[in-house]
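Participant: coords below, sequence missing:
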């Protein structure tokens with residue numbers, strides 16, 4: 001009887017160890033090398049995105065478990081595919097044939113995990129574009145106390161002279177601004193803040209083609225039909241195109 005109980009305990013221990021090894025291997029092991037271009041094309045073309053990739057432009061690592069792969073389709077779309085290491089495999093989690101600037105939020109509660117991504121069609125002849133973080137000024141009175149919020153406008157220019165695509169981490173100064181805003185607002189309403197509120201409700205991202213500042217007309221190229229695929233698990237924010245009127249410039253002396 002004692003032997004049976006001992007063997008049962010040993011068997012249980014072995015099963016626990018093997019299960020732990022499997023769970024670590026399946027969920028937490030180091031990612032394998034990224035797929036080849038041929039494998040990427042096959043994977044993208046097998047999704048329900050109704051597009052056919054002609055050229056893989058580059059693999060752009062975001063971190064050790066996330067990557068962006070810009071591509072050109074046979075319909076001459078300049079698109080973006082988003083890849084995630086999950087369940088012991090590199091998987092395409094999102095595809096978009098519109099390569100305009102986006103913000104990929106790996107963790108939407110942590111601005112240090114925000115990345116700008118883009119793949120601008122060469123035919124649009126945009127040599128430079130500008131990214132913005134904007135918070136409009138505001139004024140309100142609460143319980144007889146006057147509150148004024150100054151405008152926040154931060155700018156980052158991106159050159160497209162060498163390549164149409166890119167990935168850029170949220171600038172450190174932008175991250176500091178957003179984190180300070182999170183800290184202040186969460187102190188005001190700690191229980192409500194992260195459940196119902198986040199900085200993008202009052203702080204917005206925008207972009208402006210540099211050529212548009214000079215008044216040049218931008219002509220859209222490509223098929224004109226945006227196609228894509230998403231498994232619904234990624235937080236990717238479209239960035240609206242601004243007008244010159246949305247940007248405040250220093251007063252000329």
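Facilitator: Nice, I can see it. The model shown is predicted, which means the values in this text are computed figures rather than measured ones.
Participant: C-alpha only now, for contacts and for neighbours.
Facilitator: Fine.
Participant: relative to residue 44, how far out is residue 63?
Facilitator: Computed with CA to CA, to the nearest Å, the distance linking residue 63 and residue 44 is 21 Å.
Participant: with neighbour numbers in mind, choose between these two.
Facilitator: residue 44 (22 against 10; other CA atoms under 10 Å).
Participant: which SSE is that one in?
Facilitator: Take DSSP states H and E as the rule and residue 44 turns out to sit in helix 37-45.
Participant: buried set for that helix?
Facilitator: 40, 41, 44 (16 or more other CA atoms under 10 Å).
Participant: could you pull out the helices for the stretch 51-200 of the chain?
Facilitator: For the stretch 51-200 of the chain, applying DSSP state H, counting those that start in this stretch gives helices covering 172-188, 193-196.
Participant: those helices: lowest mean pLDDT?
Facilitator: Averaged per stretch, pLDDT over these is lowest on helix 193-196, reaching a mean of 47.
Participant: ok, now which ones touch residue 232?
Facilitator: residue 93 (CA atoms under 8 Å, 6 or more residues apart in numbering).
Participant: what does the model give the residue sitting nearest the centre point of the chain for pLDDT?
Facilitator: In the chain, the residue lying closest to the centroid (CA atoms, centre = their mean) is residue 104, at 0.8 Å. We have a pLDDT of 97 for residue 104.
Participant: so how far is residue 175 from residue 80?
Facilitator: For residue 80, the distance to residue 175 - CA to CA - is 24 Å.
Participant: the stretch 51-200 of the chain: strands as residue ranges?
Facilitator: Along the stretch 51-200 of the chain, the segments classed as strands by DSSP state E, counting those that start in this stretch run 53-56, 60-63, 66-73, 78-86, 89-96, 102-105, 114-119, 128-135, 138-142, 145-149, 152-159, 165-169.
Participant: can you give the distance from stretch 82-102 to the centre of its chain?
Facilitator: Taking CA atoms, centre = their mean, to the nearest Å, one finds stretch 82-102 lying 10 Å from the centre of the chain it belongs to.
Participant: the residue nearest to residue 74 when sequence neighbours are not counted: neighbour count?
Facilitator: Nearest non-adjacent residue to residue 74, counting by CA to CA, 6 or more residues apart in numbering: residue 54, 5.1 Å away. For residue 54, the neighbour count with other CA under 10 Å is 15.
Participant: residue 54 against residue 72, yeah?
Facilitator: Yes. The pair residue 54 / residue 72 is scored as a contact, 5.8 Å apart, by CA atoms under 8 Å.
Participant: circling back: as TSV, the buried residues of helix 37-45 with pLDDT would be great.
Facilitator: Output for the buried residues of helix 37-45, formatted as TSV (pLDDT from 0 to 100):
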residue	pLDDT
40	97
41	96
44	94
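Participant: between those residues, which sits nearest residue 207?
Facilitator: Closest to residue 207 out of these is residue 44 (27.8 Å), distances taken as CA to CA.
Participant: next up, the contacts around the closest one.
Facilitator: For residue 44, the contacting residues are 52, 53, 92, 95, by CA under 8 Å, 6+ apart.
Participant: out of those residues, what pair is the most spread apart?
Facilitator: Pairwise over the contacts of residue 44, using CA to CA, the maximum falls at 52 and 92, 14.7 Å.
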